[in-house]
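Student: fold the following and give me the result.
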Amino acid sequence: MKHDITYIPIGVIYSEHKEPGKTPIQPIYAEQCKGRVEVLPEFADGLADLDTFSHIYLIYHLDRAEEPSMKVNPFLQDVERGLFSTRAPRRPNAIGMSIVRLTQVNDNVLEVEGIDILDGTPLLDIKPYTTRFDCIRTDRNGWHEEVDENDAHARGLRDFKPNS
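Tutor: As a prediction, the model looks like this:
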């Protein structure tokens, strides 16, 4: 069953990240990275009340992702994993999402922190993050439980140098 699905960008995400290979992986490793989200004027009314939230989801098109692959080596390990057990960008539908801190709303411009998104990325949607709905305590974290936190942090910052 195949359906044509069309999304239109509602804005553009701007950041200091110009090269995929130098961009922090996941917002938790980009805490000090600031960015700006410019929402197109026709969608600006939808930003009303957003400034009452400290964090938001940015949902975006991974416009520079490589071709999809059902097996990938995630950044946390040098082990091949099934794509859907990772957050790798090489997906059949190149959709990304990040939770970022919202620091300011000025008309149709959002100032954010903790951004791990490439400069110029097309924005598809914005949703508020709320602990009432989104803060879930898990009892299984899959293969992530095999990864040491210090190693994960180094890999997330792209400073990782494997032992030779």
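Student: state the distance from residue 91 to residue 50.
Tutor: For residue 91, the distance to residue 50 equals 27 Å [C-beta to C-beta, to the nearest Å]. Just so you know, the C-beta spots here come from the backbone N, C-alpha and C atoms, and that holds for glycine as well.
Student: for residue 129, that is, sorry about that
Tutor: 11 Å.
Student: kindly report the same for residue 120.
Tutor: When distance is defined by C-beta to C-beta, residue 120 is 22 Å away from residue 50.
Student: try residue 4
Tutor: Applying C-beta to C-beta, the value for residue 4 to residue 50 is 31 Å.
Student: figure out the helix or strand that the residue nearest to the spatial centre of the chain lives in.
Tutor: Geometric centre of the chain, nearest residue: residue 98, 3.0 Å, by C-alpha atoms, centre = their mean. Using DSSP states H and E, residue 98 falls within strand 95-106.
Student: what's the first helix or strand after that strand?
Tutor: Assigned by DSSP H and E, the successor of strand 95-106 is strand 109-113.
Student: let me see the mean pLDDT of that following strand.
Tutor: For strand 109-113, mean pLDDT is 97.
Student: can I get that strand as CSV, trimmed to CA atoms?
Tutor: These are the backbone C-alpha positions of strand 109-113, laid out as CSV (Å, rounded to 0.1, in the frame of the first residue of the first chain):
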residue,chain,number,x,y,z
VAL,A,109,11.3,34.0,15.4
LEU,A,110,12.1,31.5,18.1
GLU,A,111,15.5,31.6,20.0
VAL,A,112,16.5,28.1,21.1
GLU,A,113,19.3,26.4,23.0
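Student: tally of neighbours for the residue nearest to residue 105 when sequence neighbours are not counted?
Tutor: Nearest residue to residue 105 in three dimensions, chain neighbours excluded: residue 51, at 4.3 Å (C-beta to C-beta, 6 or more residues apart in numbering). By the criterion of other C-beta atoms under 10 Å, residue 51 has 13 neighbours.
Student: from here on, count from 34
Tutor: In the new numbering, first residue 34, that becomes residue 84.
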